[in-house]
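# Provide a 3D model corresponding to the input given below.
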Amino acid sequence: MNVVKKKITRKHWTNEEDMLLSELVQVMTIDEIAEELDRTESSIRKRLDVLSIPVPKNRYILFIEDMYIREGTSEEIARTMDWKQNTVYQYLVRTRDNPERHNIHIYKV
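The predicted structure is shown next:
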């Protein structure tokens, strides 16, 4: 049986891309950066690690009914509400999948 292997093409990083990456990571998600730079998410993460650039944590907004409660990381929201961090993600999924069924809504910023 012949197995056809896909050839992996690697693009070298330029200084300009490194500089752009360090700026974009502050305002875009990893998948958005990957699309913008025409690279894989994995290559973006690896390059950030090589350059010792920390990836900012995701931020969320919490509403109960229609009242704004706070914005913050999942850890901050969990601490505010005295929840486990996993509960933040559960409400995030519920908000996305069926928001009208719940009075607690969490949105990714």
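# and the helix or strand in which V93 is found, which residues are buried?
For V93, the host element (DSSP states H and E) is helix 85-97. Of the residues in helix 85-97, 87-88, 91-92, 95 count as buried by neighbour count, 16 or more other Cβ atoms under 10 Å. The C-beta positions use only the backbone N, C-alpha and C, and glycine is treated the same way.
# So which residues make contact with the helix or strand hosting I69?
Using DSSP H and E, I69 sits in strand 67-72. By Cβ atoms under 8 Å, 6 or more residues apart in numbering, the residues outside strand 67-72 that reach it are 59-63, 76-77, 80-81, 109.
# now the angle from whichever helix or strand comes after that strand to helix 85-97?
Where DSSP H and E defines the elements, the next helix or strand beyond strand 67-72 is helix 74-81. Helix 74-81 and helix 85-97 are oriented at 100 degrees to each other (axes from the mean of the first three to the mean of the last three Cα atoms, to 10 degrees).
# Between strand 67-72 and helix 74-81, find me the angle.
Going by the same axes, to 10 degrees, helix 74-81 makes 140 degrees with strand 67-72.
# starting at the chain centroid, how far to helix 74-81?
17 Å (Cα atoms, centre = their mean, to the nearest Å).
# just the CA coordinates of that helix, formatted as CSV?
Presented in CSV, the C-alpha positions along helix 74-81 are these (Å, rounded to 0.1, in the frame of the first residue of the first chain):
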residue,chain,number,x,y,z
SER,A,74,-12.4,33.6,33.7
GLU,A,75,-10.5,33.5,37.0
GLU,A,76,-11.6,37.0,38.0
ILE,A,77,-15.2,36.3,37.1
ALA,A,78,-15.2,33.0,39.0
ARG,A,79,-13.7,34.7,42.1
THR,A,80,-16.3,37.5,41.9
MET,A,81,-19.2,35.0,41.7
